[in-house]
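*Asks:* I would like the atomic coordinates for the input below:
(6 chains)
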There are 6 protein chains.
Amino acid sequence: MKGYILLNLLNKVFKFETVQAHCDIPCKIYDPIIAQISALSVVRFLDLIAELEKKDELTLADQAQLSRLVKEKETHVEQVKHEVRVIWGDYFKQPQFDQFPDASKLVHDLMLAGSACKQHIDRDKGMKLLELTNQFAEMYWATKNVATYKAKSPYLPEELVVHPKLQ
Amino acid sequence: MKGYILLNLLNKVFKFETVQAHCDIPCKIYDPIIAQISALSVVRFLDLIAELEKKDELTLADQAQLSRLVKEKETHVEQVKHEVRVIWGDYFKQPQFDQFPDASKLVHDLMLAGSACKQHIDRDKGMKLLELTNQFAEMYWATKNVATYKAKSPYLPEELVVHPKLQ
Amino acid sequence: MKGYILLNLLNKVFKFETVQAHCDIPCKIYDPIIAQISALSVVRFLDLIAELEKKDELTLADQAQLSRLVKEKETHVEQVKHEVRVIWGDYFKQPQFDQFPDASKLVHDLMLAGSACKQHIDRDKGMKLLELTNQFAEMYWATKNVATYKAKSPYLPEELVVHPKLQ
Amino acid sequence: MKGYILLNLLNKVFKFETVQAHCDIPCKIYDPIIAQISALSVVRFLDLIAELEKKDELTLADQAQLSRLVKEKETHVEQVKHEVRVIWGDYFKQPQFDQFPDASKLVHDLMLAGSACKQHIDRDKGMKLLELTNQFAEMYWATKNVATYKAKSPYLPEELVVHPKLQ
Amino acid sequence: MKGYILLNLLNKVFKFETVQAHCDIPCKIYDPIIAQISALSVVRFLDLIAELEKKDELTLADQAQLSRLVKEKETHVEQVKHEVRVIWGDYFKQPQFDQFPDASKLVHDLMLAGSACKQHIDRDKGMKLLELTNQFAEMYWATKNVATYKAKSPYLPEELVVHPKLQ
Amino acid sequence: MKGYILLNLLNKVFKFETVQAHCDIPCKIYDPIIAQISALSVVRFLDLIAELEKKDELTLADQAQLSRLVKEKETHVEQVKHEVRVIWGDYFKQPQFDQFPDASKLVHDLMLAGSACKQHIDRDKGMKLLELTNQFAEMYWATKNVATYKAKSPYLPEELVVHPKLQ
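*Replies:* Numbers count the residues shown, from 1 in each chain, chains lettered A, B, ... in the order given. Sure, this is the predicted structure:
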């Protein structure tokens, strides 16, 4: 049937277009800042847990609070890992690996640093995760030829975060 | 029993501390950029939907792609609404409302703009959502006495986004 | 091509229909009872936490139970906030605000009451949330000209809940 | 060490208490209305899909709308199944099965009715799911010796819903 | 209009095909191994909780760890219940019930065993859940005429798991 | 105060134990079968989409079905990526990388193969994902010195899956 042949013809044409669309134009928006904010949050929750650690004895209200902070810490570590995996797994291709041959090593170190934040309550574990997430952000912006700068977060824990220079 | 009396005593002391902790120090990190990136994504998905609309006939692959774009659009609109609700509902208190008496009106307009983005596929609906999310960000940073600037997103759809001046 | 012109023509016609559809007929079903049941659950979890607080010392099993109750409390507070945001943000428009000029104030108070339930373990915080959620329900049903009545929940915590008069 | 023996002793005592607590007092609040509202929503989405079916040709906006409606239908069917599973799987025990020997049969029929709603777009499939969910609600309230009544939902699709008589 | 009549005609034909498709060919892949691995995880988390129970006193780090383990236990119990409900509720139909009249009884016992794992920290509760999940797997494979064998999991807790004989 | 010194002392001791616990014993259970079943499901959904593609014209019911299949495909691709990321990111450490220096390369290829399955509807894209997931499973079991075998899945799409030899 004519219509059918035409449809298949269009089909082939469009499929090709689709491929182009997906190879040349990234559909999703990739921005490491979401992972960086989550890493900042992990440090923040570790600081709040440390406040509880100072106490000689914990009330039930304190234990409830600890339980909440641990859960939030867990959630935000997972978000760091997820966001970084998405950028690395969807956006990084040969050109980016040619520019940064150790990209996968950095991502894997970050994953382990994240696990350490889940398992422990020491602030330095959180700072390590934040540092690696910032390194990942620096690398990402470099692949897009966007210069970066470091600035203290305008909220607690007031730690350094890498940002793209957009002005 | 002595220990018990002591425990209750500590209990009262700690409870008081806890209250302080929660009124003076915000536990969570609030940053409107997550909502702004989601709003940008909504515009992006509307642009990709518009590309499909240009076609005279849709192949099954195109229809599958449309279905994905609609779902992603839906998800990102929801994230804009959620993130804004969290900042407005958790962080905004009397001082912030004294500074911005129309804050709740802006937030509600933003919610309706989000619904419009779910229900329609016109780019202007997405731009309206992005614009209101930027206004919300400007307001938020003003309550923290942080100056802001506007810059084009360093990725498609390359629209203006409000950022805090941190340098 | 003729087909194309026709398609665009239909396009315009249908778009208009779609707009109508979304302005006149609410797509989603809005019922505050889900938020009210979640608020009841928050009170219930606070009561179960209070049972643990009575104990002089907590076993590991008790601490595990506390952790579960805190998590469930957190989840249900979030559901109250989410459900109320959806009704307020999607359904409330000018006519509803003309009828209840303080609707947004009530919703915001409810959000803060929810946060207090997350941060503390005092029953009165839960009762405050339930009370505000009931007020929201009363307001919602009034905008639909549906009379309401109050009745004790037929399960613990056996507190008053606002229901629409449907008989 | 004395303290340790005491702790173990308390441990045994408390464990016993915990068991009691969990066997006699239901921790969670069970209310079938959430499942019933979701079932109503499924009927509502099927009605909105039927509106699209009336059209001779679908615009891209219509197809996007169809995609949203199908996703919402899917989500709400899943919620019906989940809520019913929780009440049946957590709350129903020997006494309830003695009172309603066919409870599991009804629950399973409801699961299949839900699957049919996912796979098809016929309104009658949705009405079947709503009917079974109402039957489940009637059975649940009967196990709690709470009388019920039927009333039209005060919103579209304005179908009958079983409610507990609380006045 | 001719096209319209044709469309409706095709419509009827296709609808019939769709029905066939869904009755004869299962769309989803059903494999009880996901539920079995989750049940194994529950036992694993109970073992890790038992390690903490051995300690005379818990540090804050230990309490944080307990909180994580309880949350993970909760999540995996829920996954066991969900996966089993899906297979029972979607795949089991009259022929399967004729072969296993007590299928629903087994599924319900499994649901209660899951609840017990949420409420308690005793290893035997986890083993009961694993045992019932294995029985469910044996039953499922029998309905597909696939022989099974039992083998120790190649990772902790190294307990027996039912597998289909595929070689 | 004596008790406090003792507590700190225990604290140090236990922290050390905790570290040990987490470095030597994996807390979570890692099993690639979940990723493999999800990859199989992706192939299955692609086959069902292909059935729709055969049709000359799609009814609204067909389009609704396409929308469901696309969403399920998307969800299962995401699960493949997530499960593989967890095993690679949590379990793989220096010894595993010494044994398989290209592990990260394989994982990244798998991520790209997953993206291709989201963006396209060709069966070969799904087979590529399944093949890489099987390779990942083979590698994982090799790191645990567990032999493997290949067997056709006992359900559609009846494709080869790598399993550990446990008998």
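*Asks:* any idea where the helices of chain A begin and end?
*Replies:* Listed in chain order, the helices found in chain A under DSSP state H are A:2-24, A:33-54, A:60-86, A:94-99, A:103-119, A:123-143.
*Asks:* Stretch A:34-52 vs chain B: in contact?
*Replies:* Yes: with Cβ under 8 Å from any Cβ of the partner chain as the criterion, chain B is reached by stretch A:34-52 at A:34, A:37, A:40-41, A:44, A:48, A:51. C-beta: built from backbone N, CA, C; applies to glycine.
*Asks:* Buried subset of those, written for ChimeraX?
*Replies:* With 16 or more other Cβ atoms under 10 Å in any protein chain shown as the criterion, this ChimeraX line picks the buried residues out of the residues of stretch A:34-52 next to chain B:
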select /A:34,37,40,41,44,48
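*Asks:* Need the residues of stretch A:34-52 next to chain B in JSON lines (columns: distance to chain E and pLDDT).
*Replies:* Converted to JSON lines, the residues of stretch A:34-52 next to chain B look like this (distance: Cβ to the nearest Cβ, whole Å; pLDDT from 0 to 100):
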{"residue": "A:Ile34", "distance to chain E": "23", "pLDDT": "98"}
{"residue": "A:Ile37", "distance to chain E": "22", "pLDDT": "98"}
{"residue": "A:Leu40", "distance to chain E": "19", "pLDDT": "98"}
{"residue": "A:Ser41", "distance to chain E": "16", "pLDDT": "98"}
{"residue": "A:Arg44", "distance to chain E": "15", "pLDDT": "98"}
{"residue": "A:Leu48", "distance to chain E": "12", "pLDDT": "97"}
{"residue": "A:Glu51", "distance to chain E": "11", "pLDDT": "96"}
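*Asks:* Nearest to A:Trp141 among the residues of stretch A:34-52 next to chain B?
*Replies:* When those are compared for distance to A:Trp141 (Cβ to Cβ), A:Ile34 comes out closest, at 14.3 Å.
*Asks:* For A:Leu40, give me its contacts.
*Replies:* Counting by Cβ atoms under 8 Å, 6 or more residues apart in numbering or on different chains, A:Leu40 touches A:130, A:153, A:157, A:159, A:161, B:29.
*Asks:* 10 Å instead, please
*Replies:* Counting by Cβ atoms under 10 Å, 6 or more residues apart in numbering or on different chains, A:Leu40 touches A:76, A:80, A:126, A:129-130, A:133-134, A:153, A:155-161, B:29, B:31.
*Asks:* and what of A:Leu132?
*Replies:* Taking Cβ under 10 Å, 6+ apart, one finds A:35, A:39, A:80, A:84, A:106-107, A:109-114 in contact with A:Leu132.
*Asks:* Can you check which of the helices of chain A gets nearest to F:Gln96?
*Replies:* It is, among the helices of chain A and with distance given as Cβ to Cβ, helix A:103-119, at 10.6 Å.
*Asks:* For the closest one, which residues meet the burial criterion?
*Replies:* Neighbour-count burial for helix A:103-119, counted by 16+ other Cβ under 10 Å, picks out A:103-104, A:106-119.
*Asks:* hmm, that helix in reach of chain F?
*Replies:* Yes: counting by Cβ under 10 Å from any Cβ of the partner chain, contacts between helix A:103-119 and chain F involve A:103-105, A:107-112, A:114-116, A:118-119.
*Asks:* CA atoms only for that helix, dumped as PDB, please.
*Replies:* Provided in PDB are the C-alpha atoms of helix A:103-119 (Å, rounded to 0.1, in the frame of the first residue of the first chain):
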ATOM      1  CA  ALA A 103      38.100  10.900  34.600                       C
ATOM      2  CA  SER A 104      36.800   7.400  35.400                       C
ATOM      3  CA  LYS A 105      39.400   7.000  38.200                       C
ATOM      4  CA  LEU A 106      38.300  10.300  39.700                       C
ATOM      5  CA  VAL A 107      34.600   9.200  39.500                       C
ATOM      6  CA  HIS A 108      35.400   5.900  41.200                       C
ATOM      7  CA  ASP A 109      37.400   7.600  44.000                       C
ATOM      8  CA  LEU A 110      34.400   9.800  44.500                       C
ATOM      9  CA  MET A 111      32.100   6.800  44.800                       C
ATOM     10  CA  LEU A 112      34.300   5.300  47.500                       C
ATOM     11  CA  ALA A 113      34.500   8.600  49.300                       C
ATOM     12  CA  GLY A 114      30.700   8.700  49.200                       C
ATOM     13  CA  SER A 115      30.500   5.200  50.700                       C
ATOM     14  CA  ALA A 116      32.900   6.300  53.500                       C
ATOM     15  CA  CYS A 117      30.500   9.200  54.300                       C
ATOM     16  CA  LYS A 118      27.600   6.700  54.600                       C
ATOM     17  CA  GLN A 119      29.600   4.400  56.900                       C
END
